[in-house]
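> Build me a structure from this.
(chains A, B and C, ligands or ions: 3)
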Amino acid sequence: MRSYLWYLARRFGQFVLVVFVGINIVFFVTHATPIDPVEQAISSATQFGQSDPRAVEIMRKALRELYGLDGSIWQQYLTFWRRLATGDFGPSLSAFPTSVSTLIGQALPWTAGLLSTSTLVAWCVGNFMGGLAGYYRKNRLLKGLGIVATGLQPIPSYIMSLVVLILFGYLWPILPISGGVEMNIHPGFTFSFLGSVAAHSLLPVLSLALITIGAWFVGMRSLVSNIVAEDYVVYAELAGVDRHKILTSYVMRNALAPQLTGLALSLGGIFNGAIITEVVFGYPGLGTLLVRGVNSGDYSLVLGIASISIIAVATAVFAIDLLYPLLDPRVKVR
Amino acid sequence: MEEAALSVQNLRAYYVTGHFGMQREVRAVDDVSLSVRKNEIYGIAGESSCGKSTFIKTVAAAIRPPLRVLGGSIKYSFLDRDLYDLDERKLADIRWNHLSFIPQGSMNVLNPVRRIRESFQDFAFPHMGLGRSEFFDVVNRHLERLQLSPSILSAFPHELSGGMRQRVAIALATVCRPEFIIADEPTTALDVVVQKDVLALILETQREIGSSMIFVTHDLTVHANISNRLGIMYAGRLIEEGPTREIFHDPLHPYSRHLVASLPRIGDLTPKIALTGAPPNLAQPPSGCRFHPRCPLATDLCRQASPELTTLSSGRRVACYAVASAPATRPMTNDRMTNDKFKSF
Amino acid sequence: MLKVLRDLFRHNREFAAGSILVLIVLGIVVASFFSPYPPLDSYVVPPDIPPSWDHLLGTNSRGQDVFWQVAVAMRNSLLFGISVALISRVIALVIGLVSGYVGGMVDRVLMSINDTFVVIPLFPILTLFYFMMHDHMSWVVLAVAMASLGWPYDARLIRSIALSLRNREFTTQSIFSGMSTRQILMEEHLPYVLPIVFSTTLNNINWSIGLEVTLSVIGLTNIETPTIGTMIYWANQHTAMVAGIWWWVLAPVATVIMMFIGLFLLSVSMNEFIDPRTRLARMGA
Ligand SMILES: Nc1ncnc2c1ncn2[C@@H]1O[C@H](COP(=O)(O)OP(=O)(O)O)[C@@H](O)[C@H]1O
Ligand code: SF4
Ligand SMILES: [Mg+2]
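Ligands and ions are numbered 1, 2, ... in the order given. All right, here's what the predicted structure looks like:
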């Protein structure tokens, strides 16, 4: 038990480190770069027609405070952390006076749903099929799937989404290719609402799953083909232990822990993929909101999404770390 | 004479590999014949990578690519036909009930994510034909006999010490009371004190069940304590065989002589003569007697022809031209074939 | 070396397929130097012509020949990918070798940082970066930014190899013969890790090109530089798919997919060639 707590403490330390480093990178990017968001906002506000220099000065002062860019760099740094801790990124400029936190709060569930569904599907299916392919190396069908998986693996998310969009949006238009739900349906636990949500999520989920499924398949296949040579598998086969039991409880079961670690390590990349896919399909999650923020010059919104993304991914990784001991009992002594 | 528990004839097992168009053959077991009597512990000795484990895998029907059996026969007394004439199902039936295996490296033979109880269930339950609670009664009694606390059943392998795990592996291999037990270096990874306990345990179990056994280790002192008869392998061949005591007392083959002479003995101050050269590469074994490049007694004959394992009047067997009482030589046909193959290399 | 390549080509299907794909793309890239039209000029050919003999991949709505656009764009994208890969290789090598060789506390600290960088989602950060750069964004700046974020996976890989080298005999020998740490790393360990570094380079090129495409398509890079990403960006701006100018989108997508799969297959076959375990598995199969 002691060692289990020790494991948890270490993983929590890593969580803190990810948040700390990530947020510092964000702060660094906002402060070591040539553009001053305040001036940017002012120049786009005063783009058309001249304006009173006094009014501009008032606006500048207001924006400085709004953006937390008052005072010395250290004061700004502290303000930045304080705002993060309270989850207060101020109002969004493009959706004034709605606060950035509200916008993010509305978008986050969509992203989380998309991400978790597609990851779960891809991880389970990819690992299962890859495990079979590693165990039954001579099976024709599985070999063929292996080739497909190898081909899918290097395709980046944008290209994959685009291909899926072209296939199902233009060549064989059977599914909605844009948005999160039908415009004129009332939200609620009704059949038509949930059905519409599901239909709209199909293509994004499909392309997201396709992006990662190849990597899980190929990774699992090579893990399994090493595990089948492990002494405990050879020994079980020697003892005439039931084949199915060997495949599931001996071979695949032992590959799951490293694959779960793999999942934790690639979560950042998967998150990138998710928000990119959202942009392609106009899905109402963080990705679409992020691009909207960029295009409308909404500094607080972009900053807020970048910060929340880091915290969200770090939290998800920590959650996976909590699950890990379920798959690998040895963690408790390490 | 009584029927042998196991009789192996002219067994050949090679690792055949092809990679990027290159074929390679490692002749890890090359023409080995021996038989194991009932109730006997037959020891196999020889330095590392001489083919002991390969031999074991072959007689245990644990062949997987790249290892292939190219010839020979393996007959167990409890089987009506050759081991390799059995189908998967029949093979699964005899495993653990009749034939079981104590593997090398207690560290790695137990599934790390499964509790010991589940391992017993996976390995032995299907063979015993008992109800669940009866089955665990048998397991508990067996564990107690081996002086293991039944509480280890709920442990994971990593929670046990190395010696403990090896004991569990022995318990696991013997719980079905098999007629034939194969043990591959079961004590090699253990420290000396634990080693002694584990040996005693194996010996006791074998006596109690009344099974026959092949016991492999490179460690001759272990053989001195456990094996009734001893076979010595060199480079994929059996080069000498006889009662353990006689081999220790009077080794005949130059290689056995070297092995026995290099054993530590209390009060022995004679300098040990190191063997020159390294064991041969089994992908390209030397012509003739495979020991000739390192043998102080080698002659031209040894370089050309391979000495057959010959039974002496004492009943011992040895494969060496220089052993005085050996009858006239006659190179075996399939050896000549091997030699010809070499010339074309 | 040549013999190894020939044997690989004959006996390793991944290698053969990968090199054919990469060679095709490289052929297109080399062709870009002979482009009859300056890449940035528009309305040099009649717009919106489907693929034909005169215009192999058709022309786009900006009056450009799609084939020559693809050639130039692929050249730039590849150059970009290679730059990012090379810069980040330096970081990955230094961190990986030092971490693996020095070990102990240094290793633990470096690997914690490493794992941190693995987890942090880059896309929002790069977006923010663009937001704070706008017109100051050039592909060199982007390459440096991506390289300084894209090293950690491979640093870990290199570290694990360096770790295994540390305990080998020749390392001990070098220490006794008085070589400095830097010398040991550069002269003894580097040659061992180079093959794996090469194979990670191929994957990193893929990663960089992929991310560049994504950023460009959304308009978060300098859209005036022709790359695969900006090409798709302009196609989207002209709603090419809706307008039925499918070749404008399909040509760059197909080319870059060939590149992705080709480089990936090459790295897979390299890994297989290096790794004795997969080699054994292959022998067994
Ligand atoms: N999977 C394999 N592929 C190719 N050669 C092997 C394989 N396993 C063992 N060998 C070779 O077979 C020979 C005999 O090995 P082994 O039977 O394990 O020896 P021992 O048990 O006596 O140490 C050695 O030369 C070894 O290198
Ligand atoms: S046959 Fe010849 S080479 Fe072989 S052991 Fe006997 S004397 Fe030595
Ligand atoms: Mg062995």
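> And for A:Ala32, the neighbour number?
By other C-beta atoms under 10 Å in any protein chain shown, the residues close to A:Ala32 number 8. (C-beta placed from N, C-alpha, C; glycine too.)
> how near is it to C:Trp68?
Distance of A:Ala32 to C:Trp68, given as C-beta to C-beta, to the nearest Å: 39 Å.
> try A:Arg253
From A:Arg253 over to C:Trp68 (counting by C-beta to C-beta), the distance is 55 Å.
> who has more neighbours, those two?
Set A:Arg253 next to C:Trp68 and count neighbours by other C-beta under 10 Å: C:Trp68 wins out with 25 against 17.
> pLDDT value on the more buried one, please?
C:Trp68 carries a pLDDT score of 89 in this model.
> Disregarding residues adjacent in the polypeptide, which is nearest to the residue in the stretch 151-285 of chain C positioned nearest to chain A?
The nearest approach of the stretch 151-285 of chain C to chain A comes at C:Gly210, 2.8 Å away (C-beta to the nearest C-beta). Using C-beta to C-beta, 6 or more residues apart in numbering or on different chains and skipping residues adjacent in sequence, the residue nearest C:Gly210 is A:Pro156, 2.8 Å away.
> and the one you found, what is it in contact with?
Counting by C-beta atoms under 8 Å, 6 or more residues apart in numbering or on different chains, A:Pro156 touches A:211, A:273, C:206-207, C:209-211, C:213-214, C:260.
> pretty sure C:Val4 belongs to a helix, no?
Yes. Looking at C:Val4 with DSSP: H, G, I helix; E, B strand; the rest coil, it is inside a helix.
> Point out where the chain drops to low pLDDT.
I'll assume chain A. Applying pLDDT under 70 to chain A flags residues A:1, A:47-50, A:178-180, A:182-186, A:188-189, A:332-334.
> meant chain B, my bad for not saying
In chain B (pLDDT under 70), the answer is B:1-2, B:18-22, B:105-106, B:266-274, B:324-345.
> Bridged to the residue most central in space within chain B, which residues?
Nearest to the mean C-alpha position of chain B, by C-alpha atoms, centre = their mean, lies B:Val216 at 3.9 Å. Note on B:Val216: beta-bridge partners by DSSP bridges are B:Ile44, B:Asp184.
> how close does it sit to chain A?
Per C-beta to the nearest C-beta, to the nearest Å, B:Val216 is found 15 Å from chain A.
> Can you name the residues that contact that residue?
Contacts of B:Val216 by C-beta under 8 Å, 6+ apart are B:43-45, B:52-53, B:55-56, B:182-185.
> and if we set it to 7 Å?
Taking C-beta atoms under 7 Å, 6 or more residues apart in numbering or on different chains, we find B:Val216 in contact with B:44, B:52, B:56, B:183-185.
> Pull the most distant pair out of these.
Maximum pairwise distance among these (C-beta to C-beta): 11.2 Å, between B:Lys52 and B:Ala183.
> before we move on, the earlier item: quick one: which of the contacts of A:Pro156 is nearest C:Tyr233?
Closest approach between the contacts of A:Pro156 and C:Tyr233, by C-beta to C-beta: C:Val213, at 9.3 Å.
> Could you report the neighbour count for residue 165?
Let's take chain A. Around A:Leu165 there are 20 residues (other C-beta under 10 Å).
> try again with chain C
19.
> check which helix or strand covers it.
If you go by DSSP states H and E, C:Leu165 is part of helix C:152-166.
> for B:Met233, helix, strand, or coil?
strand.
> And the closest residue to A:Leu323 other than its chain neighbours, how close does it get to chain B?
Using C-beta to C-beta, 6+ apart and skipping residues adjacent in sequence, the residue nearest A:Leu323 is A:Leu260, 6.8 Å away. Plainly put, A:Leu260 is 12 Å away from chain B if you go by C-beta to the nearest C-beta.
> rewinding a little: element containing the residue of the stretch 151-285 of chain C closest to chain A?
Here C:Gly210 sits within helix C:190-218, counting by DSSP H and E.
> any idea how far the residue of the stretch 101-250 of chain C at minimum distance from chain B is from A:Leu223?
Nearest residue of the stretch 101-250 of chain C to chain B, counting by C-beta to the nearest C-beta: C:Pro195, 15.8 Å away. Going from C:Pro195 to A:Leu223 by C-beta to C-beta gives 22 Å.
> what about the residue lying closest to A:Leu290 once chain neighbours are set aside, how many residues close to it?
Leaving aside its chain neighbours, A:Leu290 sits nearest to A:Ile305 (4.8 Å; criterion: C-beta to C-beta, 6+ apart). By the measure other C-beta under 10 Å, the count of residues near A:Ile305 is 30.
> so who does A:Ile305 touch?
A:Ile305 neighbours (C-beta under 7 Å, 6+ apart): A:104, A:286, A:289-290, A:293, C:124.
> which ones among these are found in helices?
If you go by DSSP state H, the contacts of A:Ile305 have A:104, A:286, A:289-290, A:293, C:124 in helices.
> In TSV: those, plus neighbour count and distance to ligand 1.
Formatted as TSV, these follow (neighbours: other C-beta atoms under 10 Å in any protein chain shown; distance: C-beta to the nearest ligand atom, whole Å):
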residue	neighbour count	distance to ligand 1
A:Ile104	23	56
A:Leu286	29	51
A:Leu289	29	56
A:Leu290	30	53
A:Gly293	28	58
C:Pro124	26	49
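> residue contacts, B:Leu79?
Shown in contact with B:Leu79 (C-beta under 7 Å, 6+ apart): B:Ile94.
> can we see that at 10 Å?
Residues near B:Leu79 by C-beta atoms under 10 Å, 6 or more residues apart in numbering or on different chains: B:6, B:85-86, B:90-91, B:94, B:98-99.
> Drop anything exposed from these.
Buried members of these, counted by 16 or more other C-beta atoms under 10 Å in any protein chain shown: B:6, B:86, B:94, B:98-99.
> Pick out the residue of the stretch 51-200 of chain A closest to chain B.
Counting by C-beta to the nearest C-beta, the stretch 51-200 of chain A gets nearest chain B through A:Arg137, at 9.9 Å.
> and that residue, which of the three is it?
coil.
> Which elements pack onto the host helix or strand of C:Val106?
Taking DSSP H and E as the criterion, C:Val106 maps to helix C:104-119. Helices and strands touching helix C:104-119, by 3 or more C-beta pairs under 10 Å, 6 or more residues apart in numbering or on different chains; DSSP states H and E, are helix A:2-31, helix A:253-281, helix A:299-327, helix C:66-102, helix C:152-166.
> Check which residues of that helix are buried.
For helix C:104-119, burial by neighbour count (16+ other C-beta under 10 Å) applies to C:107, C:110-111, C:113-119.
> got it, and stretch A:59-67?
Counting neighbours by 16+ other C-beta under 10 Å, stretch A:59-67 gives A:59, A:63-64, A:66-67 as buried.
> Stretch C:189-207 now?
For stretch C:189-207, using 16+ other C-beta under 10 Å, the buried residues are C:189, C:192-193, C:196-197, C:199-207.
> which bits of chain B sit near ligand 2?
Residues of chain B lying near ligand 2 by C-beta under 6 Å from any ligand atom: B:253-254, B:289, B:291-292, B:295, B:297-298, B:302, B:307, B:320-322.
> Among the residues you listed, name the buried ones.
Buried subset of those (neighbour count, 16+ other C-beta under 10 Å): B:253-254, B:289, B:291-292, B:295, B:298, B:302, B:307, B:320-322.
> Could I get the residues you listed in CSV, plus columns for distance to chain A?
Listed next are those as CSV, based on distance: C-beta to the nearest C-beta, whole Å:
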residue, distance to chain A
B:His253, 32
B:Pro254, 35
B:Cys289, 33
B:Phe291, 31
B:His292, 35
B:Cys295, 35
B:Ala298, 39
B:Cys302, 38
B:Pro307, 34
B:Cys320, 35
B:Tyr321, 39
B:Ala322, 40
